[in-house]
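Undergrad: requesting a structural model of the entry that follows:
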Amino acid sequence: NSRDPLTSSNDFYRLRQYGLYGSIQLDYRRWAFLNITGRNDWSSTLPVDNNSYFYPSVTASVLLSEAFGWRSKAVNYLKIRGGWSQVGADANPYQLATVFTSETAFNGNPLQSSSTIGMNPNLKPEKTSSIEAGFEAAFWDNRLYLDFTYYKTDSRNQILKLATTAASGYTSQVRNAGHIRNRGYEIQLGAVPIQTSKGFRWNLDLNYGANSSKVVKLDDEGLITSYQLYSSGIQILASVSEAYGTLFGTSYVRDANGNVVVDANGLPKISTTNKTLGKFTPDWTGGISNTFSYRSLSLSFLIDASVGGSIFSNTNKTGKYTGVLANTLSGRDAEHGGLWYYTDAMGNNVRLPESPSYSVSSDGLYYAQVNGQSTRVYQDGIMVEGVTESGSKNEEVVSAEKYYHRIYSIAEANVYDASYVKLREVALSYRLPRLWTQKLHLQEASVTLTGRNLWTIYKSVTNIDPESALTTGNAQGVEAYSLPTTRSFGVNLSVKF
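TA: Numbering: from 1, shown residues only. Got it, this is the predicted structure:
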């Protein structure tokens, strides 16, 4: 059911793309390997004179344990590897020419309007170049395994819609722009700490990854310093010399010592200019998996973590404004730490030194004797921790409602650390005895009970799941009224004939 009438639209796009792919695989004595690939695409979404783009790759690896005869009981496997590759991409359809669209006729006369987006007849394909190097090693009858990878990717000539002044005739223009670099490393460590002759085995697997992104440039002339990826309550930007996906918005006004500055009414001041409030990419991610097996039984669990990064929460922003969240109880009455005060003839809030002896009117208002007169009093006072513009400690009392309404407009107040640690999965498996499977004419059969998203061990942000961003794309640093994350349980029966 919908309050408003449903509307629908239809879009029709035509795209033609041809591709040619080839590969060569070489090896020397089964310890040196070389793979070469090449692909060329032709796309109808690019200009006729520039619609062909070629992207190759080269990977090589050497098994040192085989090449130098290093295999032993202690050293089972040693391998180094490296690679270079390019990947190309075309544009969305109809990005080359600005055309007119038909509108509703005016006084019976045909009416057409031009697009507000300036198209580009000289588009080039996007190109992403990557290099990778790493090694793999296994020791002591494969009881210990290590895999390390370093990578760097550079994305250039990205096809973007850049905002321009409307005086140009367009509000945005399609351009090849941007050079974004990502570099990082990944480590995987596997071990079998315990293995007994009676059938007990403990497998331990660890993984760790860290990625650093940087916007190298947005245009060759250096005139564009930032590109807006998302905007609603907060901006997500790609800004030159900063991490890709920075959160940009209003902030608290602070003094030289970092103290929040309040206005004459005792409410936090809002910055007149936006500032960087974080980035949506984590500093590092990791996980630990344990599997315990004994004969036909196996128990495994996976814990993963994401550390660093920020998320802008609309749930907390709106929930604090409307007062529906439990963490807005603070200061709303004396029971929850609210200060007693009254409003004088000048409209100033004056704090009462102690809880007064009060009466309650028929419409629920509080009254107490102040300076010998019956005066309306309030118990929802908050004293914001901060300083005045002159640098003195804030002593003004404000109502909890006005305080939470003020921070609604401060993006910084609604940006949170997106770190978390979760018990991601637990699985219990039982392999049916061989005698049973033979009677059923099966090679093997097993039953597995699985639970996922069972426990958030740690998170910094309240009321939401830090993984519940709008998308996994450019708006992954924004959460908007997401539903609670669900736990799931399942039963799996696996048979082999």
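
Undergrad: I'd say Tyr378 and Tyr341 touch.
TA: Yes - assessed by C-beta atoms under 8 Å, Tyr378 is found in contact with Tyr341 at 5.7 Å. Where you see a C-beta, it was placed from the backbone N, CA and C, and this is true even at glycine.

Undergrad: least trustworthy helix or strand in this structure by mean pLDDT?
TA: Least confident helix or strand, the chain: helix 434-439 with a mean of 78, by mean pLDDT, DSSP states H and E.

Undergrad: buried residues of that helix, list them for me.
TA: Across helix 434-439, burial judged by 16 or more other C-beta atoms under 10 Å covers Thr437.

Undergrad: what strands line up against whatever helix or strand comes next after it, and which way round?
TA: For helix 434-439, the succeeding helix or strand toward the C-terminus, using DSSP states H and E, is strand 444-459. When sheet partners are counted by DSSP bridges, strand 444-459 sits next to strand 420-431 (antiparallel), strand 488-496 (antiparallel).

Undergrad: lowest-confidence stretch among those?
TA: Comparing mean pLDDT across the strands paired with strand 444-459, the weakest is strand 488-496, with a mean of 91.

Undergrad: how about the CA coordinates for that strand, as PDB?
TA: Coordinates of the C-alpha atoms in strand 488-496 are reproduced here as PDB (Å, rounded to 0.1, in the frame of the first residue of the first chain):
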ATOM      1  CA  SER A 488      20.200 -17.300  10.200                       C
ATOM      2  CA  PHE A 489      20.200 -21.000  11.000                       C
ATOM      3  CA  GLY A 490      20.300 -23.800   8.500                       C
ATOM      4  CA  VAL A 491      20.600 -27.500   8.100                       C
ATOM      5  CA  ASN A 492      22.500 -29.000   5.200                       C
ATOM      6  CA  LEU A 493      22.500 -32.600   4.000                       C
ATOM      7  CA  SER A 494      25.400 -33.500   1.600                       C
ATOM      8  CA  VAL A 495      25.500 -36.800  -0.200                       C
ATOM      9  CA  LYS A 496      27.900 -38.300  -2.700                       C
END
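
Undergrad: check which residues of that strand are buried.
TA: Per 16+ other C-beta under 10 Å, strand 488-496 contains no buried residues.

Undergrad: could you do stretch 30-40 as well?
TA: 33, 39.

Undergrad: can you list the weak-confidence ranges in the stretch 51-200 of the chain?
TA: Across the stretch 51-200 of the chain, nothing is flagged by pLDDT under 70.

Undergrad: all strands of it, in order?
TA: Using DSSP state E, counting those that start in this stretch, the strands of the stretch 51-200 of the chain run over 52-63, 75-89, 100-106, 109-114, 117-118, 126-139, 144-163, 172-195, 200-217.

Undergrad: now those as a markdown table including mean neighbour count?
TA: Below are the strands of the stretch 51-200 of the chain laid out as a markdown table (neighbours: other C-beta atoms under 10 Å):
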| stretch | mean neighbour count |
| --- | --- |
| strand 52-63 | 17 |
| strand 75-89 | 16 |
| strand 100-106 | 9 |
| strand 109-114 | 9 |
| strand 117-118 | 16 |
| strand 126-139 | 17 |
| strand 144-163 | 17 |
| strand 172-195 | 17 |
| strand 200-217 | 16 |
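
Undergrad: Lys124 and Asn50 touch, don't they?
TA: Yes - between Lys124 and Asn50 there is a contact under C-beta under 8 Å: 6.0 Å.

Undergrad: these two: who's more crowded?
TA: Between Lys124 and Asn50, counted using other C-beta atoms under 10 Å, the more crowded position is Lys124 (17 against 13).

Undergrad: ok, the more buried one - contacts?
TA: Contacts for Lys124 (C-beta atoms under 8 Å, 6 or more residues apart in numbering) come out as 46, 50, 157, 176.

Undergrad: which residue sits closest to the third one, ignoring its sequence neighbours?
TA: Spatial nearest neighbour of Asn157, chain neighbours left out: Asn176 (4.4 Å); criterion: C-beta to C-beta, 6 or more residues apart in numbering.

Undergrad: which strand residues bridge that neighbour?
TA: Ile159.

Undergrad: with Tyr342 instead?
TA: For Tyr342, the beta-bridge partners are Val350, Val377 (DSSP bridges).

Undergrad: same deal with Ile36?
TA: Beta bridges link Ile36 to Ile24, Val58 when assigned by DSSP bridges.

Undergrad: surely it touches Gly83?
TA: No - taking contacts as C-beta under 8 Å, Ile36 lies outside contact range of Gly83: 10.5 Å.

Undergrad: name the residues contacting each of these two.
TA: Common neighbours of Ile36 and Gly83 (criterion: C-beta under 8 Å, 6+ apart): 57-58.

Undergrad: need the strands of the stretch 51-200 of the chain in TSV with distance to Thr456, can you?
TA: TSV is the format used below for the strands of the stretch 51-200 of the chain (distance: least, C-beta to C-beta, whole Å):
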stretch	distance to Thr456
strand 52-63	39
strand 75-89	36
strand 100-106	49
strand 109-114	51
strand 117-118	43
strand 126-139	32
strand 144-163	29
strand 172-195	24
strand 200-217	20
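
Undergrad: quick one: the residue nearest to Asn157 and Ser155, what's the gap?
TA: The spacing between Asn176 and Ser155, counted by C-beta to C-beta, to the nearest Å, is 12 Å.

Undergrad: so for the two, which residues contact both of them?
TA: Glu126.

Undergrad: tell me the pLDDT of the most far-flung residue of the chain relative to its centre.
TA: Farthest-out residue of the chain from its mean C-alpha position, per C-alpha atoms, centre = their mean: Gly372, at 58.7 Å. In this prediction, Gly372 carries a pLDDT score of 89.

Undergrad: which phi and psi does it have?
TA: Gly372 adopts backbone torsions of phi 80, psi 10, taken as degrees, to the nearest 10.

Undergrad: next one: His336
TA: Main-chain dihedrals, His336, degrees, to the nearest 10: phi -110, psi 30.

Undergrad: separation between the residue lying closest to it once chain neighbours are set aside and Lys320?
TA: Distance criterion C-beta to C-beta, 6+ apart; nearest residue to His336, sequence neighbours excluded, is Leu329 at 4.6 Å. Using C-beta to C-beta, Leu329 is found at 11 Å from Lys320.
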